[in-house]
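> quick one, fold the following:
(2 chains)
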Amino acid sequence: MTRVSCDCDVLVVGGGNAALCAAIAARRAGASVLLLEAAPKALRGGNARHSRNMRIMHDAPTAWVRGCYPAEDYHADLRRVAEAADEGLTGLFVDASAGVVDWLSGNGVRFHGGTDEVLPYSRKTAFFLGGGKALVNALYATAERLGVAIRYDSTVHAMHLRDGSRAVTVGTPPVTIRARALVVASGGFQADRDWMRRQWGGVADCFTIRGTPHATGIPLKALLEEGAEPVGAADRCHMVAVDGRSPPFDGGIVTRLDGIVHGIVVDRDGWRFADEGAVVGSRRYTAWGELVAGCPGAVAFSIFDGVIGERFRPSIFPVVRADSIGALASTLGIAPPALEATVAAFNAAITDGGATVGLHPPKTQLAVPIALPPFGAYPVRVGVTSTCLGVRVDGRARVLRKDGMEVEGVYAAGVVMAPNILGSGYLAGSAMTVGAVFGRIAGREAAVHARR
Amino acid sequence: MPGADETQRIAADARRALDICNACQFCGGYCAVFRALKARRQVSAADLAFLSNLCHNCRSCYHACQYAPPHAFDLNLPKSLSLVRQQTYRDHVWPPWFRGRLPCAGWPAVAVMVAIALSALMLVGLPALILIPPDLLFGRHLGPGAFYRLVPWEAIAGGAGALTLWSLLAVGFSVASFWHSMGPMPAGAALLPALRDALYDAASLRNLGGGGAGCNDRDERFSRSRRRFHHALFYGVVLCFAATAVATVYDHALAWQAPYPVLSLPVLLGGLGGTGILVGTMGLARLKLRADPGPLAPSLTASDCALLALLFLVAVSGLGLLALRETAAMGPLLLVHLGLVLGWFATLPYSKFLHAPFRFAALLRAAMERRHRAPQVGRGQGKSGRGSSGA
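As a prediction, this is how the structure comes out:
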């Protein structure tokens, strides 16, 4: 390890939404700030590049969000997905979420107007104009304008936290950077195949990672080794159902499969394994991600016919087509008799009400016969958004040890601490809000610590 | 000239890009392209013609795109659409014999344009040089009718009239052919309100606003430069037409012959218009040449700039004529200016100028669809709640 002194007040590890909010907040609080983004400039921004909106509390309509989303509703929605969350932190988070759109707007991020007819009705979330990469671009531009030093291609290899030191080793050749305060905002560990395999077994190799390949969890692991208290669950992920042909990383939103609930879903042996009609709202993506993760080989197939195939948006990948169920099965690598039996049994069990009777598992909604050729199919795999293991923080975003004492001068923001709020659950648009709220707190607190 | 394979590759690439955009829809707030795209389940060849001409090439979607190169999807919508758009100009060129025979892009396209413009210049210049005695051509001419002593009004009106008529006919047939290529219009859509919307969109360049803060004219930063320079150019041309119209009225109805005094309406309108063209063409060319090359199709830059260069020369020669009309330079300048104006008119059906009427047609179609669509929701999408989730 070469020892090059490159001191700064606040060192931000990470380059996504939380990291940028932290860097900007710290800089605005008067600290000298260095931000380390593992990705090259063209692919900067972590998973925030693939995000779209933020869930925010508001008591009345704003320029960006319709209706109102009172704190009680936000709490209720969070409680539904995250039972084990920290009540105190959650209260602080929900209250702070109300100011986050204004703060981001003040830092150059643009949002859709709340009455924009392009968007689906949403009283809960504000949408970024142009999506997450536009947000990322705006925040980088602001950070640069304010004088935050930014280093791309800067994967952190090691963190040095022993005896109150705060330093990281970065890049090739390795350089060690010391800071007065450290903000860790480097996401989860979903891009570390070995770690994923330890938690999930061999099926982890079949998962695609929807976001950045740089979320390898090195800083998270270093914090845990340093005695930080883990929160959330190492063996849980936020996952959705994606087209099985998606790229291994960075597929983002467009690889989601829209039409799963309209047809039937079978595993690689040709058997149905869940009620396709159980969840038809926006949570269907998440529901099917988890279901497919439990299948042999973590793979499944969405099957439909010529009529059903017109009812949803096609995948961006070509549909697998055949004129008979048997031929479709052969193309998919499923034993034809098994799929033929599954489809026949499904068709026979459908009643007029669009549900099945006497079938296990049933299809309780949207059940129509799969009868008219050409038959179609998409392979379905698991798309991992992020892992659900984090470190405990307090209301000042300080990283806490198991004994309740803070790791001095070390702060955390974003997915690396989101399980404090979300547990191992998922609530659309809330992870980005966690990043912005705690990024802002972490940056501000780190600046105060550094200048003490 | 692109072969059939190249044409198909360009179309397939644009369709792939639009399919990905339709699955993402993060850019929905940027411009009319994404609104129109959202209403389509799949993109047909007719849709490709429509959407490519609806695109104003503001490039905001490129800089906001998480799939832009170096991503594996290599998504570059502005570039893909500009290549398709360029082909639509050639697909509908008139007379039909030219279709597939005119070059779309690169220096061959520039050569065609220069050849047409030069021919028109010669059409004015050669007879004048042969017929006008040098002492007349290089003499000083003052007072009403000075221009016509050199080039008779009948010659200007006759020659220019015939060429202009040809050009306008050719453009008209091209636009009609393009209009049909976009597929059947939405049944029952009210044309007049849509026309009003489209006129507003065209006059305000609403779609060059990037949803509010401006466009990515040069790079990932937002700016309104391109919109402003385009306004300068467009309204400059409009003012020059107005100047010509007023002068025609002066000449015919009131028997006041050109040249007109500096503080007369034709000169004021023309001077302002010419300045607008000068500022607009220089600004647009500068932006084009300094822009981030990522979202641009380099094969189109030269032909785009050729149109700007020709307009620039028209404006410069016109303003030069205004400045030097009482000197011996008036004669040659008048010939050059008339030749360039005629050249510009002659190139209209075969240059990037076609983007103006084609874009207007696409804006009109988009407005008709918007007014038609309002109560409708795509089948099967009602329940999906697409987009409300950030999953």
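> gap between residue B:291 and residue A:332?
Per C-beta to C-beta, to the nearest Å, residue B:291 is found 46 Å from residue A:332. C-beta coordinates here come from the backbone N, C-alpha and C atoms, glycine included.
> which one of these two has more residues nearby?
residue A:332 (21 against 18; other C-beta atoms under 10 Å in any protein chain shown).
> so who does whichever residue of the stretch 101-250 of chain A sits closest to chain B touch?
Nearest residue of the stretch 101-250 of chain A to chain B (C-beta to the nearest C-beta) works out as residue A:131 at 2.8 Å. By C-beta atoms under 8 Å, 6 or more residues apart in numbering or on different chains, the residues touching residue A:131 are A:51-52, B:24, B:26-27, B:64, B:66.
> what sits closest to it if chain neighbours are left out?
residue B:26 (2.8 Å; C-beta to C-beta, 6 or more residues apart in numbering or on different chains).
> you'd agree that neighbour is up against residue A:53?
No: using C-beta atoms under 8 Å, residue B:26 makes no contact with residue A:53, being 9.7 Å away.
> any residues in contact with both of these two?
Common neighbours of residue B:26 and residue A:53 (criterion: C-beta under 8 Å, 6+ apart): residue A:128.
> let's have the contacts of residue A:131 in JSON lines, adding pLDDT.
Formatted as JSON lines, the contacts of residue A:131 follow (pLDDT from 0 to 100):
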{"residue": "A:51", "pLDDT": "97"}
{"residue": "A:52", "pLDDT": "95"}
{"residue": "B:24", "pLDDT": "95"}
{"residue": "B:26", "pLDDT": "94"}
{"residue": "B:27", "pLDDT": "94"}
{"residue": "B:64", "pLDDT": "96"}
{"residue": "B:66", "pLDDT": "97"}
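> now, which of those sits nearest residue B:371?
The closest of those to residue B:371 turns out to be residue B:27 (C-beta to C-beta; 22.2 Å).
> what number of residues lie near the residue lying closest to that closest one once chain neighbours are set aside?
Nearest residue to residue B:27, sequence neighbours excluded (C-beta to C-beta, 6+ apart): residue B:61, at 4.4 Å. Residue B:61 sits with 29 neighbouring residues when counted by other C-beta under 10 Å.
> what about residue B:61, which SS state?
Classification of residue B:61 using DSSP: H, G, I helix; E, B strand; the rest coil returns helix.
> that one against residue B:78, yeah?
Yes: Residue B:61 is within contact range of residue B:78, at 6.8 Å (criterion: C-beta under 8 Å).
> contact residues of the stretch 1-150 of chain B facing chain A?
B:19-20, B:22-24, B:26-30, B:34-35, B:38, B:41-42, B:60-61, B:63-73 (C-beta under 8 Å from any C-beta of the partner chain).
> buried ones among those?
With burial judged by 16 or more other C-beta atoms under 10 Å in any protein chain shown, the buried subset of those is B:19-20, B:22-24, B:26-30, B:34-35, B:38, B:60-61, B:63-68, B:71, B:73.
> out of those residues, list just those in helices.
Using DSSP state H, B:19-20, B:22-24, B:34-35, B:38, B:60-61, B:63 are the members of those that sit in helices.
> give me the residue from chain B nearest chain A.
Counting by C-beta to the nearest C-beta, chain B gets nearest chain A through residue B:26, at 2.8 Å.
> helices of the stretch 151-300 of chain B, start to end?
B:153-181, B:191-204, B:225-253, B:265-290, B:298-324 (DSSP state H, counting those that start in this stretch).
> make a markdown table out of those helices and add mean neighbour count.
What follows is the helices of the stretch 151-300 of chain B, written out as a markdown table (neighbours: other C-beta atoms under 10 Å in any protein chain shown):
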| stretch | mean neighbour count |
| --- | --- |
| helix B:153-181 | 16 |
| helix B:191-204 | 15 |
| helix B:225-253 | 18 |
| helix B:265-290 | 19 |
| helix B:298-324 | 19 |
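> secondary structure element for residue B:13?
helix B:4-24 (DSSP states H and E).
> please tell me how far residue B:3 sits from residue B:300.
18 Å.
> can you pull the pLDDT of whichever residue of the stretch 351-452 of chain A sits closest to chain B?
Per C-beta to the nearest C-beta, residue A:428 is where the stretch 351-452 of chain A lies closest to chain B, at 4.2 Å. Residue A:428 is assigned a pLDDT of 91 by the prediction.
> that one and residue A:251, how far apart?
18 Å.
> phi, psi of residue B:109?
Taking degrees, to the nearest 10, you get phi -70, psi -40 for the backbone angles of residue B:109.
> my guess is it meets residue B:115, correct?
No: Residue B:109 is beyond contact range of residue B:115, at 10.9 Å (criterion: C-beta under 8 Å).
> up against chain A, what does the stretch 201-350 of chain B have?
Residues of the stretch 201-350 of chain B lying near chain A (C-beta under 8 Å from any C-beta): B:211-213, B:220-221.
> thinking again about what came up before, in the contacts of residue A:131, find the pair that's most separated.
Most distant of those, by C-beta to C-beta, are A:51 and B:27, 14.2 Å apart.
> and residue B:333, that's in a strand?
No: looking at residue B:333 with three-state DSSP, it is helix, so not inside a strand.
> got the contact list for it?
Counting by C-beta under 8 Å, 6+ apart, residue B:333 has contacts B:317, B:320-321, B:324-325.
> mind checking what secondary structure residue A:353 has?
Strictly by three-state DSSP, residue A:353 counts as coil.
> one more: residue A:191?
coil.
> next, the distance between the ends of stretch B:343-354.
Length of stretch B:343-354, first residue to last, C-alpha to C-alpha, to the nearest Å: 15 Å.
> can you list contacts of it?
B:89, B:93-94, B:98, B:102, B:112-113, B:116-121, B:160, B:163-164, B:166-168, B:170-171, B:174, B:303-304, B:306-307, B:310-311, B:314.
> report the two of the contacts of residue B:333 separated the most.
Checking these with C-beta to C-beta, the most distant pair is B:317 and B:325, at 11.8 Å.
> just send the ones in helices among the buried ones among the residues of the stretch 1-150 of chain B next to chain A back as JSON lines, with distance to residue B:230 too.
Below are these laid out as JSON lines (distance: C-beta to C-beta, whole Å):
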{"residue": "B:19", "distance to residue B:230": "30"}
{"residue": "B:20", "distance to residue B:230": "28"}
{"residue": "B:22", "distance to residue B:230": "28"}
{"residue": "B:23", "distance to residue B:230": "31"}
{"residue": "B:24", "distance to residue B:230": "28"}
{"residue": "B:34", "distance to residue B:230": "21"}
{"residue": "B:35", "distance to residue B:230": "21"}
{"residue": "B:38", "distance to residue B:230": "26"}
{"residue": "B:60", "distance to residue B:230": "15"}
{"residue": "B:61", "distance to residue B:230": "18"}
{"residue": "B:63", "distance to residue B:230": "19"}
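> packing partners of the lowest-mean-pLDDT helix or strand in chain B?
Ranked by mean pLDDT, DSSP states H and E, the weakest helix or strand in chain B is helix B:146-150, scoring a mean of 80. Helix B:146-150 sits against helix B:134-137, helix B:330-347, with contacts defined as 3 or more C-beta pairs under 8 Å, 6 or more residues apart in numbering or on different chains; DSSP states H and E.
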